[in-house]
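Peer 1: fold the following.
(chains A and B)
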2 protein chains.
Amino acid sequence: MRKNTLTRKNNGYIIVLIYFKTGKEVDIMAICFSKIVTEMKASELTPILALTARPDIISFAGGLPAEETFPLQELKETALQVMEENGKEALQYGLAAGDKELRGAIADRMNGLYGHFGMRTLAADDMMIVTGSQQGLDIIGRIFLDKGDVVLVEKPSYLGAIGAFDFEGANYVEVPMDKEGMIPDELEKILQTTERVKFIYVIPNFQNPTGICWSKERREKIMEIVSRYEIPVVEDNPYGELRMEGEALPPLLSMDPKHLVIHSGSFSKVLAPGMRLAWVVANEKILSKMTLVKSATDLHTSSLIQREAAMYMKKYNLSAHIKENCKLYKHRRDVMLDALKTNLPEYIQWTHPEGGLFLWITLPADWDARELLMMAIDKKVAFVPGDCFFPVSGKRNYFRLNFSYNNDERIKEGIRRLGETIKTYAETKK
Amino acid sequence: MRKNTLTRKNNGYIIVLIYFKTGKEVDIMAICFSKIVTEMKASELTPILALTARPDIISFAGGLPAEETFPLQELKETALQVMEENGKEALQYGLAAGDKELRGAIADRMNGLYGHFGMRTLAADDMMIVTGSQQGLDIIGRIFLDKGDVVLVEKPSYLGAIGAFDFEGANYVEVPMDKEGMIPDELEKILQTTERVKFIYVIPNFQNPTGICWSKERREKIMEIVSRYEIPVVEDNPYGELRMEGEALPPLLSMDPKHLVIHSGSFSKVLAPGMRLAWVVANEKILSKMTLVKSATDLHTSSLIQREAAMYMKKYNLSAHIKENCKLYKHRRDVMLDALKTNLPEYIQWTHPEGGLFLWITLPADWDARELLMMAIDKKVAFVPGDCFFPVSGKRNYFRLNFSYNNDERIKEGIRRLGETIKTYAETKK
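Peer 2: Residues are numbered from 1 along each chain as shown, chains lettered A, B, ... in the order given. I've put the predicted structure just below:
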């Protein structure tokens, strides 16, 4: 008894209640967690998707770039040269905002890519470096969101962003989209009637999960509304440069007279995700808050990795490298599109993305992609069921396929298995 | 007017209030920040300490390891070998908990160091990898703390930990310490009378900022209380292996039958801080929550850096490397202690640490180390004033000196300047 008496004194009434309720020894460790973490559970998908790491399962679930694209030799040379020329600096503590040389190189590159669209000229101090774009999203959530605040997202939207904002207790409103992107009238309607909107989160280029790329006109209309309502917009752009066909389109950042856009770019999909390296462009006020959180979060991103990226950009041609990657991805996309056409019944629909890593499949309205996934795993193929991408509506008749990671043979065989699974599932629906 | 009307509809009454109050255009960006970030300001020390980066100023302010200790050649070889043997894996996405090989290597090393003290045998799954120990502290704050929850800290305690916990709205109680460490009776008194204590945060080895190392008896007494009250303890141990004299002492983790200790270790002070690599040992329940937050925070720590650390530990003898570092640090500590003896008046006191990176200076009770710092910067020497390390009492008559970073000449000259500053300041106090 003595132990529980002491514990009670120490931690207050909550523990007393639980103690009497269970009549068992108090599980002090569970009680001590913060409210939001207590409520938060690992997705029930986690163990299912963990299965997909089995080599006998062909997984289209991850968002992994093709390992064939990693410039091993170049990065080896780069690592050597960094150690030889800047070893001590690369191994020492650095600035919270990130290595200035790297930021300058990214600014120059973005000016080259987007300056002709009218983007304001960027310099090193217009951005900060983060440990992968996930960290940027997490920090954005932390600087803007109090519990119950609202984030507007595309319907559907990226589950990793939702995962980050969930930790701040965000609520979501899903803004309908069509094949040209977010629908302006719908956004305006929601802005007029929704309180506590802190920001809009969008992925205009080859969206995750749908692969949709917003049209130029749509971008302009949405930014006109954004400027009028003065709402910050998070433009998440990990896939923008992975364009396989069609013309490059201006980023929202280039249509932003009021500096409301927080633009996130990443090396993960164009160089190597294992580096965990990304950047965020934003106005000074937002950057100063983000840098404050960054300091408390991990002080700064690895100086070594930052130096290596800066050196890589100096020594090699990143744009040429990305262009090569896109050839491979276009090929794999086409292999997957062909295989879908061959193996899936005509009442199943899918997107035809001009870039990025994903296809989005629409099933008949009464189908459930989670049920389908369980069957698919039996047939040794996997995908991400769509409901994870709808934080409010949780729609069940969609799923996402990744086409970048697997080679031709695995894509063909995987889609064949998927076709079989769908036929079997369709039987149960008759 | 239209813009503000729209804005009002969108963001609710707070904005209306501010709009009418200022009569100026609403600063929507400022209003949108979360409560905690709105209140949070960069320390007023930041611009002052930024000055200390000027090469003419000898700074004892940072906690930087000596760059002479970085094993450049070995890390170059390591980077090469990782690229050659494991390049694709090192550049691809990895597990949120961290690279299993690295975790295994750390577990083995800790078993070797602490097994004979009775620490339970650790395996890879008893820990997770974090992007520097700062990230571990941040994640610990996030899993445990709701606004207003209490963290017990040593008096004084590490400002970086306080900075991380501040973002969760923590309150603090400072537990008095003497030269043997935290005082058990004081801890027990506080535990008996304080509600909402979520955990105790301590640095038993060569504490930051004091350099104090807890005695073995003190560790046992504190852990007896911890076990009785079942309060989680965060044992932050970045400096434990930087022992220059005396016998190694058992970590709290080895006196922890109830698995209440969350033990944080780091490569920053023994290998290279620019890698941003650390680890956290904890019970399964805590680790599963921490891993959940880690996924939302930055997915995982750089696979490349993790592989390099694992490879370094396999190829080289980290313990021998640390032993060499300690020789240099002992020498520098002694140079600083000698210089203090020569240059400082006898009524100033300082600690004589057996390890770590810091000395702690006690000024007469009515002196103010912030005032002293302003004078010191005029004389081109810098330190961290002590109030940052007292989250509640904000005591002003202390400051922290780092002895690891500067070479002998700079230490001697810096302490000479410090002595002059103190003499000048003493005049103003007469």
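Peer 1: give me the number of residues near the closest residue to chain B within the stretch 51-200 of chain A?
Peer 2: Closest approach between the stretch 51-200 of chain A and chain B, counting by C-beta to the nearest C-beta: residue A:91, at 3.7 Å. Just so you know, the C-beta spots here come from the backbone N, C-alpha and C atoms, and that holds for glycine as well. Neighbourhood size, residue A:91 [other C-beta atoms under 10 Å in any protein chain shown]: 27.
Peer 1: ok, how many other residues are close to the closest residue to it other than its chain neighbours?
Peer 2: Leaving aside its sequence neighbours, residue A:91 sits nearest to residue B:272 (C-beta to C-beta, 6 or more residues apart in numbering or on different chains; 3.7 Å). When neighbours are counted by other C-beta under 10 Å, residue B:272 registers 30.
Peer 1: for residue A:52, same thing?
Peer 2: Residue A:52 has 20 nearby residues by other C-beta under 10 Å.
Peer 1: outline the domain layout of chain A.
Peer 2: If you go by automatic domain parsing, the domain ranges for chain A are A:2-32, A:45-70+A:320-429, A:86-316.
Peer 1: mind listing the strands for chain A?
Peer 2: A:58-59, A:127-130, A:150-155, A:171-178, A:181-182, A:197-202, A:233-236, A:261-266, A:278-281, A:349-350, A:358-362, A:381-382, A:384-385, A:398-402 (DSSP state E).
Peer 1: export these as a markdown table, with columns for mean pLDDT, mean neighbour count and distance to chain B.
Peer 2: Output for those, formatted as a markdown table (pLDDT from 0 to 100; neighbours: other C-beta atoms under 10 Å in any protein chain shown; distance: least, C-beta to the nearest C-beta, whole Å):
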| stretch | mean pLDDT | mean neighbour count | distance to chain B |
| --- | --- | --- | --- |
| strand A:58-59 | 96 | 24 | 13 |
| strand A:127-130 | 98 | 26 | 8 |
| strand A:150-155 | 98 | 24 | 10 |
| strand A:171-178 | 98 | 18 | 12 |
| strand A:181-182 | 98 | 25 | 16 |
| strand A:197-202 | 97 | 26 | 5 |
| strand A:233-236 | 98 | 25 | 12 |
| strand A:261-266 | 98 | 26 | 10 |
| strand A:278-281 | 98 | 26 | 9 |
| strand A:349-350 | 97 | 16 | 25 |
| strand A:358-362 | 97 | 22 | 15 |
| strand A:381-382 | 96 | 26 | 16 |
| strand A:384-385 | 95 | 26 | 15 |
| strand A:398-402 | 97 | 25 | 12 |
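Peer 1: residue A:268 - how many residues pack around it?
Peer 2: 23.
Peer 1: close to chain B: what parts of the stretch 101-250 of chain A are there?
Peer 2: A:130-132, A:134-135, A:138, A:142-146, A:149, A:160, A:163-164, A:166-168, A:191-199, A:228-232 (C-beta under 8 Å from any C-beta of the partner chain).
Peer 1: show me what the closest residue to residue A:127 other than its chain neighbours bridges to in the sheet.
Peer 2: Nearest non-adjacent residue to residue A:127, counting by C-beta to C-beta, 6+ apart: residue A:281, 4.5 Å away. On the basis of DSSP bridges, residue A:281 is bridged to residue A:127, residue A:263.
Peer 1: state whether residue A:281 and residue A:124 are indeed in contact, as I suppose.
Peer 2: No - counting by C-beta atoms under 8 Å, residue A:281 does not reach residue A:124; the two are 10.9 Å apart.
Peer 1: check contacts around the residue nearest to residue A:77 when sequence neighbours are not counted.
Peer 2: In this structure, residue A:77 finds its nearest non-sequential neighbour in residue A:315, 7.1 Å apart by C-beta to C-beta, 6+ apart. Neighbour list for residue A:315: A:74, A:77-78, A:81 [criterion: C-beta atoms under 8 Å, 6 or more residues apart in numbering or on different chains].
Peer 1: and residue A:315, how far from chain B?
Peer 2: From residue A:315 across to chain B, the span is 15 Å (C-beta to the nearest C-beta, to the nearest Å).
Peer 1: tell me the pLDDT at that residue?
Peer 2: For residue A:315, the pLDDT comes out at 97.
Peer 1: ditto for residue A:109
Peer 2: 98.
Peer 1: same deal with residue A:32?
Peer 2: 84.
Peer 1: likewise for residue A:312?
Peer 2: Looking at residue A:312, the pLDDT reads 98.
Peer 1: disregarding residues adjacent in the polypeptide, which is nearest to it?
Peer 2: According to C-beta to C-beta, 6+ apart, the nearest residue to residue A:312 is residue A:78 (4.7 Å).
Peer 1: residues in contact with that neighbour?
Peer 2: A:308, A:311-312, A:315-316.
Peer 1: save those residues as JSON lines, and put in distance to residue B:339 too.
Peer 2: Compiled in JSON lines, the contacts of residue A:78 are given as follows (distance: C-beta to C-beta, whole Å):
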{"residue": "A:308", "distance to residue B:339": "39"}
{"residue": "A:311", "distance to residue B:339": "39"}
{"residue": "A:312", "distance to residue B:339": "44"}
{"residue": "A:315", "distance to residue B:339": "45"}
{"residue": "A:316", "distance to residue B:339": "48"}
